[in-house]
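K.L.:
Structure here, sequence nowhere to be found:
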């Protein structure tokens with residue numbers, strides 16, 4: 001284990017090294033063996049009251065249960081995932097972040113439309129080891145409902161801290177929710193642990209491609225069991241917290257309807273055979289149970305490769321991982337049929353910027369290393385040819401204006417693009433117009449050798465924030481820019 005990883009986990013994984021036994025070396029060089037099939041469990045839940053939610057989050061190393069075994073990881077309040085935070089539009093979310101790690105950290109509330117200034121969603125704040133910081137996020141009264149999440153955003157350590165266990169879900173509740181038998185929180189993550197249960201280091205190749213963990217978990221569990229009665233309608237709120245893994249989700253044999261992706265709700269739910277969640281994306285799903293057993297699976301998605309750098313002997317196109325399905329959870333449906341649920345309330349259509357006056361057109365090009373024979377030391381992940389520099393402002397925008405951005409990806413890998421604070425409406429996807437209801441995202445996937453066009457309404461807030469690739473190893477290596485709205 002590297003010194004960097006030892007610092008990150010706070011030395012937990014190094015305790016046994018001093019013992020010096022031959023058996024100990026075997027545990028560090030062998031694979032972690034998860035125990036699958038336990039009953040489905042969910043993170044702790046905290047809810048706002050009288051317009052406020054006050055939370056203390058301690059980021060610390062510790063022994064937690066992952067995949068049915070004890071592991072040495074990071075966690076918020078000693079758990080992986082951290083608690084689920086329930087708030088409503090107009091609420092104040094106050095978080096005291098306590099850093100009990102040996103390295104700096106901070107906090108980002110991914111997808112929330114809140115101020116980036118001061119102690120708001122300000123990723124330029126740094127919380128040093130042993131220190132704490134009080135964040136306060138004031139949600140607008142018209143904030144969209146939906147599934148959001150929180151995680152560290154200290155540049156250079158984002159991928160490592162999330163991979164090691166620092167993440168949790170935020171839910172902005174509906175004013176008129178659909179009737180359901182139950183709601184389930186599903187925080188999907190991946191991690192690689194050695195035989196001792198210690199987080200494995202990422203290799204230079206992992207960092208270049210974006211690391212994908214060997215173990216894919218739901219709420220820290222390996223293939224948990226869920227049960228329902230035929231006809232019951234459940235609401236599944238799903239977040240992809242993986243550093244680089246795309247989740248192409250299927251639940252064959254069951255009826256899935258998509259209520260919304262990222263922020264907000266669709267006017268009416270649409271039937272879905274599968275869902276593609278890029279890193280950072282979330283889905284709000286209705287599942288109407290059909291008798292029988294079914295598995296929630298992540299089926300193979302080809303996100304491209306950097307094989308051009310490595311030549312014919314390079315890694316597989318999915319970042320070196322296998323191409324088989326990954327079983328995430330098992331749903332068993334039996335018993336007496338439930339009464340048919342009432343129709344889902346129809347909502348007003350969200351705002352549509354397709355007819356808005358556009359104040360500026362910009363092009364952002366996300367470039368990754370490429371070319372035969374390029375040395376590992378020459379790797380560069382950039383936006384518009386520049387690596388991230390926190391002291392430099394790359395894009396200046398006039399407040400209360402609409403801009404159109406063309407996001408270009410000339411590389412052989414997909415790049416999921418994330419803009420903090422202000423959501424994006426997809427105008428053209430894969431070179432074509434997007435008809436139908438407005439499509440809003442805060443993570444937009446840009447396919448390899450492709451482009452996507454979005455429009456953004458820079459309303460409500462001013463200040464400095466960032467946009468970046470949400471393959472977090474790429475972000476840490478420079479694929480991030482600074483935006484200032486004023």
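P.N.:
On my side now, so go ahead. Remember, predicted model here, so these are calculated numbers, not experimental data.

K.L.:
And the strands in the stretch 151-300 of the chain, which stretches?
P.N.:
168-172, 182-191, 215-218, 225-228, 233-240, 247-250, 255-261, 270-271, 274-277, 282-288, 292-299 (DSSP state E, counting those that start in this stretch).

K.L.:
okay, now residue 178: neighbour count?
P.N.:
Counted with other C-beta atoms under 10 Å, the neighbours of residue 178 add up to 18. (Each C-beta comes from the backbone N, C-alpha and C, glycine too.)

K.L.:
dump the residue contacts of the nearest residue to it once chain neighbours are set aside.
P.N.:
Nearest non-adjacent residue to residue 178, counting by C-beta to C-beta, 6 or more residues apart in numbering: residue 344, 4.3 Å away. Residue 344 is in contact with 178, 257, 259, 268-269, 286, counting by C-beta atoms under 8 Å, 6 or more residues apart in numbering.

K.L.:
Please tabulate the residues you listed in a markdown table, including the columns distance to residue 477.
P.N.:
Output for the contacts of residue 344, formatted as a markdown table (distance: C-beta to C-beta, whole Å):
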| residue | distance to residue 477 |
| --- | --- |
| 178 | 42 |
| 257 | 39 |
| 259 | 35 |
| 268 | 42 |
| 269 | 39 |
| 286 | 39 |
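
K.L.:
just the buried members of those?
P.N.:
Neighbour counting with 16 or more other C-beta atoms under 10 Å marks 178, 257, 259, 269, 286 as buried within these.

K.L.:
could I get the contacts of residue 344 as a markdown table with distance to residue 51 and pLDDT?
P.N.:
What follows is the contacts of residue 344, written out as a markdown table (distance: C-beta to C-beta, whole Å; pLDDT from 0 to 100):
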| residue | distance to residue 51 | pLDDT |
| --- | --- | --- |
| 178 | 24 | 95 |
| 257 | 31 | 97 |
| 259 | 25 | 96 |
| 268 | 30 | 93 |
| 269 | 29 | 94 |
| 286 | 29 | 98 |
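
K.L.:
Just name the closest of those residues to residue 126, please.
P.N.:
Top of the list for closeness to residue 126, among the contacts of residue 344 and by C-beta to C-beta, is residue 259 at 36.8 Å.

K.L.:
what's the distance between the spatially closest residue to that closest one that is not a sequence neighbour and residue 193?
P.N.:
Computed as C-beta to C-beta, 6+ apart, the closest residue to residue 259 that is not its neighbour in sequence is residue 284, at 4.1 Å. Counting by C-beta to C-beta, to the nearest Å, the gap from residue 284 to residue 193 is 30 Å.

K.L.:
and the two most separated of the buried ones among the contacts of residue 344?
P.N.:
178 and 257 (9.4 Å).

K.L.:
Now do the shared contacts for these two.
P.N.:
269, 286, 344.

K.L.:
Identify, from those, the entry nearest to residue 245.
P.N.:
Of the shared contacts of residue 178 and residue 257, the one sitting nearest to residue 245 (C-beta to C-beta) turns out to be residue 286, at 24.5 Å.

K.L.:
wait, what's in contact with the nearest residue to that closest one once chain neighbours are set aside?
P.N.:
The shortest distance from residue 286 to any non-neighbouring residue, by C-beta to C-beta, 6+ apart, is to residue 257 (4.3 Å). If a contact means C-beta under 8 Å, 6+ apart, then residue 257 has 269-272, 285-288, 344 as its contacts.

K.L.:
Of the residues you listed, which is the nearest to residue 207?
P.N.:
residue 285 (32.2 Å).

K.L.:
thinking the closest one is in contact with residue 255, fair?
P.N.:
No - taking contacts as C-beta atoms under 8 Å, residue 285 lies outside contact range of residue 255: 10.4 Å.

K.L.:
Now for the protein, the helix or strand with the poorest mean pLDDT.
P.N.:
Counting by mean pLDDT, DSSP states H and E, the weakest-scoring helix or strand in the chain turns out to be helix 22-29, with a mean of 45.

K.L.:
helix or strand right after it?
P.N.:
strand 45-47 (DSSP states H and E).

K.L.:
on that earlier part again, can I get the shared contacts of residue 178 and residue 257 in CSV including distance to residue 358?
P.N.:
Formatted as CSV, these follow (distance: C-beta to C-beta, whole Å):
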residue, distance to residue 358
269, 31
286, 35
344, 34
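
K.L.:
From residue 346, how far out is the spatially most central residue of the chain?
P.N.:
Nearest to the mean C-alpha position of the chain, by C-alpha atoms, centre = their mean, lies residue 280 at 2.6 Å. Noted for residue 280: a distance of 29 Å to residue 346, by C-beta to C-beta.

K.L.:
Give me the distance between the two termini of stretch 406-420.
P.N.:
One end of stretch 406-420 sits 17 Å from the other (C-alpha to C-alpha, to the nearest Å).

K.L.:
Correction: the previous question concerned stretch 464-480.
P.N.:
13 Å.

K.L.:
low-confidence ranges in the stretch 351-486 of the chain?
P.N.:
Across the stretch 351-486 of the chain, the ranges flagged by pLDDT under 70 are 370-379, 431.

K.L.:
Stretch 221-235: which residues count as buried?
P.N.:
Neighbour counts over stretch 221-235 (16+ other C-beta under 10 Å) mark 221-224, 226, 228, 231-235 as buried.

K.L.:
for stretch 96-103, that is, sorry about that
P.N.:
Of all the residues in stretch 96-103, those buried under the rule 16+ other C-beta under 10 Å are 97-101, 103.

K.L.:
follow-up on the earlier one: mind pulling up the pLDDT for the residue nearest to residue 178?
P.N.:
pLDDT for residue 344: 94.

K.L.:
Kindly report the same for the one 4 residues further on.
P.N.:
Residue 348 is assigned a pLDDT of 90 by the prediction.

K.L.:
Return the distance of the strand ranked longest in the chain from the chain's centre.
P.N.:
Secondary structure of the chain per DSSP state E: the longest strand is strand 52-66. Distance of strand 52-66 from its chain centroid, counting by C-alpha atoms, centre = their mean, to the nearest Å, is 18 Å.
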